[in-house]
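> Structure, please.
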Amino acid sequence: TKDKAKKEADRHELDMVIGENIVRLSSLEGVDTEIYKTDILPKLLNLIQNCKDPLSQQYLMDCIIQVFPTDFHLETLEMILDSMASFHNAVDTKLILSSIMARLAISTGAETIEIIATKKEIDMFALFKKHIDRILEEQGQIMDLKKLLDLLIGFLDFTTKAYTKKVEYVDAILESAGKTIQLQPAKSITEEVRKCLMKLLTIPLETFSLSVIQLSKFPSLMGYLNIEMQKIVAKQILVANTNSRKPIESRSVVQQLLLFLKPLIVGEGVSEEAKAIPYDYEDNLTALSKLLHAIVCADPAEQFQAIVDVKEAYAMAGTKKLKYLAPPLTYCLYKLSTRMYQKENTSEAEDKKTGISFIGKEEETKGFLIKIFTLAKEVTSTISSSFPVLAMKLLLHGVLSINEIATVDKEAKALATQYLDSALGIYCDEVVDSDAKTQAILLIIGTVERITYLGTDEFISLGQKVASLCAKLLKKNDQCGAILSCSHIFSAAEKPDPEFILQCLKKSYALCGTSKMTNQKYIVLYLHLLNKYVYFYERFDAIKAEEIVALRNEVKGLIDTAPPELQTFLEIFYKETTAAISMKSENNEKYKLLLCLLYTSDAADERSSVYLGVRRLIK
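Now for the predicted structure:
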């Protein structure tokens, strides 16, 4: 035992001495590529081959690889690889190859190494593959499958860094991996092997993005993974596509991509792994949602068909997943419709800038637009019962998208009406929560206010319908705020009728008084009402200055009785309102009169001048 330990120590000491000499040799002046190739390396390799100790051979080869420049290794790569055939069987050639590839990739950088190798007419890939295939052939049934795949992972990592445009090289490596697995018994495909395969599939994604999934060997290797690993690879495919910022310009690519994304799409279940990582489930679906926004085909019809393909694939997802998948699908259809409208109205200069051609005949374009919005409505109907508020939002956005189309005709107008009726139907029948109803009615008001395709009478009628829905809200303060917002609908009509606006303001005033008994923050409603009066005062003569002064005086008195926690907020709100009136009075005669009345009223309250009298007119 002592003799063995002494021999080991002597061997280690000898290795260190030789290693130090190799380091000194590499730093000698005058050592160039030719001297290294003809004199130094052959002698070093002869020394290593004559050494029968596998550990020493491993150590000395590592010394050579690490201490000499990359250019030297490029010139002598074939010589080094050929010499490895005569090494001791116990030498781990996989580690030596990995060390050479890592040295070449890290030392010089991917682009530089490719250029240098090309100039010197050195096909590094062919040399490495030749020797790696020999290892796979000779030791494929002897060496552990994981170690063989580790060797291919190192080779693939080197290839993606050295050859950034040679996607066919990736396919060749994946083919070698497939053949190696086929030679092994089924029981050898362990969890560790699957992890190696997963790494083998994800490494090229960063460099080649979606080009990888078009390789012939990619699907077969992915089939060896379990469902959770397939999800991870699918997620990495989506992330790689997002990071590349490259559009998906072909329907065929979309169809192929959907095959790989199926593990993320299908089914309702949340895996145990996803439960352990709270945001993993949502992150996967968010990544899926980004897919649609990357689809940009030159032909709008092809893009529409690609979106239809995605919609059919998403139909396999459960209801819970549709919460994340339906919105991007719908918005992409709306975006496509806007693109169609822009095409018909953009100038030739703009068309040249974007590179998008005009669609063609107007009637065909109208029919295509109707088809787009019909599909979008189908998508929203799939989530209307489970996620009513979300479906309503998508429908309201659809109303605005149809509204913006310049080629609106009777059919488009009818479709927009269907959208709006469906949104109002969901609001009345599906939205139950009081707070949700309040938020939803405000969205409806904002949408209706921006509609321009209706005539004045139709628009006023729609505004009255929305106002009646506001009056049905559960809480009085919510009713007040919603009806105040409704006043903007009537002001947005082509021929606004101030009487409807005044009705909204007076109704809100009455609700402010009712809210005193149920809400301590009712004074805020009075301030909002005052601001609405001030806003409409400039546009409509039906709003009288005396009414604003009377309301201002009432608000001023209520602020003094407000709860302490609201006092500061209300005072700031009130000062901002009076400051706005003062600013407007600088360029507007109506506001000058209003400001004069306000000053007169304040002076009367302070008993410092004659009070002209302002009676309470709001009833």
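
> And for Lys235, the neighbour number?
Look at Lys235: counted by other CB atoms under 10 Å, it has 19 neighbours. In short, each C-beta sits where N, CA and C put it, glycine included.

> Quick check: it vs Val555, distance?
Per CB to CB, to the nearest Å, Lys235 is found 56 Å from Val555.

> got it, and Ala298?
To Val555, Ala298 is 60 Å away according to CB to CB.

> Same drill for the two, tell me which one is more crowded.
Val555 (19 against 12).

> how close does the more buried one get to Gly19?
From Val555 to Gly19 the distance is 89 Å (CB to CB).

> now Ile35
The gap separating Ile35 from Gly19 is 20 Å, by CB to CB.

> Point out where the stretch 351-500 of the chain drops to low pLDDT.
351-362, 406-409 (pLDDT under 70).

> let's see 50
Along the stretch 351-500 of the chain, segments meeting pLDDT under 50 span 351-358.

> Longest helix in this protein, by number of residues?
Using DSSP state H to define each element, the chain has its longest helix at helix 319-345.

> helices or strands up against that helix?
Packing partners of helix 319-345 (3 or more CB pairs under 8 Å, 6 or more residues apart in numbering; DSSP states H and E): helix 280-293, helix 300-314, helix 362-381, helix 388-403.

> Which one, of these, ends up nearest to Leu215?
helix 280-293 (19.7 Å; CB to CB).

> how about the residue nearest the centre of the chain, what does it touch?
Note on the chain: the residue nearest the mean C-alpha position is Lys290, at 4.6 Å, using CA atoms, centre = their mean. Listed by CB atoms under 8 Å, 6 or more residues apart in numbering, the contact set of Lys290 reads Leu238, Thr242, Pro328.

> What of Phe368?
Residues near Phe368 by CB under 8 Å, 6+ apart: Pro300, Ala301, Phe304, Met340, Ile359.

> Of the residues you listed, which is the most crowded?
With neighbours taken as other CB under 10 Å, the top of the contacts of Phe368 is Phe304, carrying 22 neighbours.

> OK, contacts around that one?
Phe304 makes contacts with Leu336, Phe368, Lys371, Ile372, as judged by CB under 8 Å, 6+ apart.

> tell me which element Ser216 falls in.
For Ser216, there is no enclosing helix or strand under DSSP states H and E.

> neighbours around it, how many?
Residues lying near Ser216 (other CB under 10 Å) number 10.

> re the thing from before, buried set for the longest helix of the chain?
For helix 319-345, burial by neighbour count (16 or more other CB atoms under 10 Å) applies to 321-337, 339-341, 343-344.

> got any ranges where the chain has weak pLDDT?
107, 109-111, 270-278, 343-358, 608-619.

> which SS class is Ile543?
Per DSSP: H, G, I helix; E, B strand; the rest coil, the local secondary structure of Ile543 is coil.

> does it really touch Lys532, like I thought?
No - the criterion here is CB atoms under 8 Å, and Ile543 misses it with Lys532 at 9.3 Å.

> okay, and the common contacts of these two?
Shared contacts of Ile543 and Lys532, defined by CB under 8 Å, 6+ apart, comprise Leu505.

> Quick one: the contacts of Phe368 as TSV, columns for distance to Gln503 too.
As requested, the contacts of Phe368 are exported to TSV (distance: CB to CB, whole Å):
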residue	distance to Gln503
Pro300	46
Ala301	49
Phe304	45
Met340	40
Ile359	46
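
> quick one: secondary structure of Thr578?
With three-state DSSP as the basis, Thr578 sits in helix.

> likewise Lys52?
Assignment for Lys52 (three-state DSSP): coil.

> Show me where the stretch 51-200 of the chain has its helices.
With DSSP state H, counting those that start in this stretch as the criterion, the stretch 51-200 of the chain has helices at 54-67, 70-75, 77-83, 93-108, 110-119, 124-139, 145-162, 167-182, 191-202.

> Looking at these, which one is packed in the most?
Of all these, helix 145-162 carries the top mean neighbour count, a mean of 21, counting by mean count of other CB atoms under 10 Å.

> Looking at the contacts of Phe368, which two lie furthest apart in space?
Those two in the contacts of Phe368 that are separated most widely, counting by CB to CB, are Phe304 and Ile359, at 11.6 Å.

> hang on, the earlier thing: out of the helices and strands packed on helix 319-345, which is closest to Lys590?
Closest to Lys590 of the helices and strands packed on helix 319-345 is helix 388-403 (CB to CB; 32.7 Å).

> Outside of the helix or strand that that closest one is followed by itself, list whatever touches it.
Going down the chain from helix 388-403, the next helix or strand is helix 410-429, by DSSP H and E. Outside helix 410-429, the residues within contact range by CB under 8 Å, 6+ apart are 366, 369-370, 373-374, 377, 380-381, 384, 388, 391-392, 395-396, 398-399, 402-403, 405, 408, 437, 440-441, 444, 447-448, 453, 462, 465, 469.

> Please report the number of neighbouring residues for Lys371.
Lys371 has 15 neighbours, counted by other CB under 10 Å.

> whoops, Ser250 was the one
15.

> can you tell me how far it sits from Pro219?
For Ser250, the distance to Pro219 equals 18 Å [CB to CB].

> I'd like to know how many residues surround Glu13.
Under the neighbour criterion other CB under 10 Å, Glu13 is assigned a count of 10.

> And it, how far from Glu589?
103 Å.

> related to what we said a few turns ago, what about Ile35 and Gly19, which has more around it?
Gly19 (18 against 13).

> just checking, the more buried one touches Leu60?
Yes - using CB under 8 Å, Gly19 makes contact with Leu60 at a distance of 6.9 Å.

> out of the contacts of helix 410-429, which are buried?
For the contacts of helix 410-429, a neighbour count by 16+ other CB under 10 Å gives the buried set as 366, 369-370, 373, 377, 380, 384, 388, 391-392, 395-396, 398-399, 402-403, 405, 408, 437, 440-441, 444, 447-448, 453, 462, 469.

> So for the host helix or strand of Pro219, what gets flagged as buried?
Secondary-structure assignment from DSSP H and E places Pro219 in helix 218-222. Neighbour-count burial for helix 218-222 flags Phe218, Leu221, Met222 (criterion: 16+ other CB under 10 Å).

> Mind listing residues that contact it?
So helix 218-222 is in contact with 171, 174, 177-178, 181, 197, 200-201, 212, 230, 233, 259-260, going by CB under 8 Å, 6+ apart.

> how does it look with 7 Å?
Leu174, Ala177, Gly178, Leu197, Leu200, Leu201, Val212, Gln230, Val233, Phe260 (CB atoms under 7 Å, 6 or more residues apart in numbering).

> what's the answer for stretch 579-595, then?
Val534, Tyr537, Glu538, Ala545, Ile548.

> Give me the distance between the two termini of that stretch.
Start-to-end span of stretch 579-595 (CA to CA, to the nearest Å) is 10 Å.

> Leaving out chain neighbours, which residue sits closest to Ile173?
In space, and not counting its chain neighbours, Ile173 is closest to Leu156: 4.9 Å by CB to CB, 6 or more residues apart in numbering.
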